[in-house]
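K.L.:
Any chance you can model this:
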Amino acid sequence: MIRVFSNKGLKERHWEEIGNLVGFKVDPNKKETLSRFIGMNLEDKYAKLEEVSDSATKEFGIEKILDKVAFLTFE
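P.N.:
Take a look at the predicted model:
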């Protein structure tokens with residue numbers, strides 16, 4: 001759970017998807033506590049939450065590569 005919710009690659013669209021999975025709007029800028037999510041018994045949704053996080057990680061990696069390519073192109 002910690003890895004899923006602390007992923008720095010999560011963007012607004014990912015938080016919206018997480019919100020749809022957990023049943024309420026999740027604002028990453030608020031002090032949402034891990035214990036709140038744990039207390040919700042999200043074990044049945046963990047695989048989907050992990051998918052969202054993994055997708056965000058992959059997208060973040062691609063964005064970083066594209067940033068480097070764009071930087072090298074303009075040098």
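K.L.:
Tell me the buried residues in the biggest helix by length in the chain?
P.N.:
The residue-count maximum for a helix in the chain (DSSP state H) belongs to helix 46-73. For helix 46-73, the neighbour count (16 or more other C-beta atoms under 10 Å) marks 49, 52, 53, 55, 56, 60 as buried. Every residue, glycine included, has its C-beta placed from N, CA and C.
K.L.:
from what I can see the second one touches residue 16, true?
P.N.:
No - using C-beta atoms under 8 Å, residue 52 and residue 16 do not qualify as a contacting pair, with a distance of 9.8 Å.
K.L.:
Any figure for the gap between residue 9 and residue 21?
P.N.:
For residue 9, the distance to residue 21 equals 17 Å [C-beta to C-beta, to the nearest Å].
K.L.:
center of the chain, which residue is that?
P.N.:
Residue closest to the mean C-alpha point of the chain, counted by C-alpha atoms, centre = their mean, is residue 10 at 3.1 Å.
K.L.:
Phi first, then psi, for that residue.
P.N.:
Here the main-chain torsion angles of residue 10 (degrees, to the nearest 10) amount to phi -70, psi 130.
K.L.:
Which secondary structure element of the chain has the lowest mean pLDDT?
P.N.:
With mean pLDDT, DSSP states H and E as the measure, the helix or strand of the chain carrying the lowest mean pLDDT is helix 34-39 (a mean of 74).
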